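**Student:** using only what follows, build the 3D model:
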Amino acid sequence: SIGDEGANALAAALERNNTLAILHLANNGIGDDGATALAAALERNNSLTNLNLQYNRIGAEGATSLLVSLDKNTTLSKLELFWNKDSADRVCATWKFKRVARDVICLLFYPLHFLFFLGLCYLFVQICKS
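**Tutor:** Numbering: from 1, shown residues only. Predicted coordinates for the structure are as follows:
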């Protein structure tokens with residue numbers, strides 16, 4: 001378990017790295033501080049395509065930082081944030097609703113009512129695009 005301290009160190013290296021494509025950091029005790037550091041690195045990184053942060057301690061602050069960083073990052077296509085704090089799930093659900101047209105996949109395990117809601121939102125957006 002690397003925690004926030006290890007995530008901060010990885011973030012510093014990730015800012016300079018231009019070859020790493022997939023980074024799995026699942027179940028590493030990463031919280032909001034580590035996620036925020038990784039988000040800052042994502043804004044500068046142009047090689048990472050898949051970031052797995054499932055089963056950590058990321059809350060609303062960290063999830064928001066990660067998702068906002070995707071406005072500047074053009075290479076990340078898969079961000080896995082499921083099984084973090086409930087507040088992270090709510091942030092991601094809101095983000096996905098607002099930016100459903102973006103190709104980035106924010107994978108989460110929602111309670112069934114969230115899945116139903118997101119499904120309806122997705123259908124609505126697809127109908128409006130037609």
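**Student:** how near is Lys85 to Asn27?
**Tutor:** As judged by CB to CB, to the nearest Å, Lys85 and Asn27 stand 14 Å apart. Placement of C-beta: from N, CA and C, glycine included.
**Student:** have a look at those two and say which one is more surrounded.
**Tutor:** The neighbour count for Lys85 versus Asn27, taken as other CB atoms under 10 Å, is higher for Lys85 (18 against 13).
**Student:** so the residue nearest the centre of the chain, which of the three states?
**Tutor:** Against the mean C-alpha coordinate of the chain, by CA atoms, centre = their mean, the closest residue is Leu79 at 4.4 Å. What DSSP: H, G, I helix; E, B strand; the rest coil gives for Leu79 is strand.
**Student:** pairing partners for it in the sheet, please.
**Tutor:** On the basis of DSSP bridges, Leu79 is bridged to Leu51, Cys106.
**Student:** what sits against the residue lying closest to Ala26 once chain neighbours are set aside?
**Tutor:** Using CB to CB, 6 or more residues apart in numbering and skipping residues adjacent in sequence, the residue nearest Ala26 is Gln54, 4.6 Å away. For Gln54, the contact set (CB atoms under 8 Å, 6 or more residues apart in numbering) comprises 26-27, 80-84, 107.
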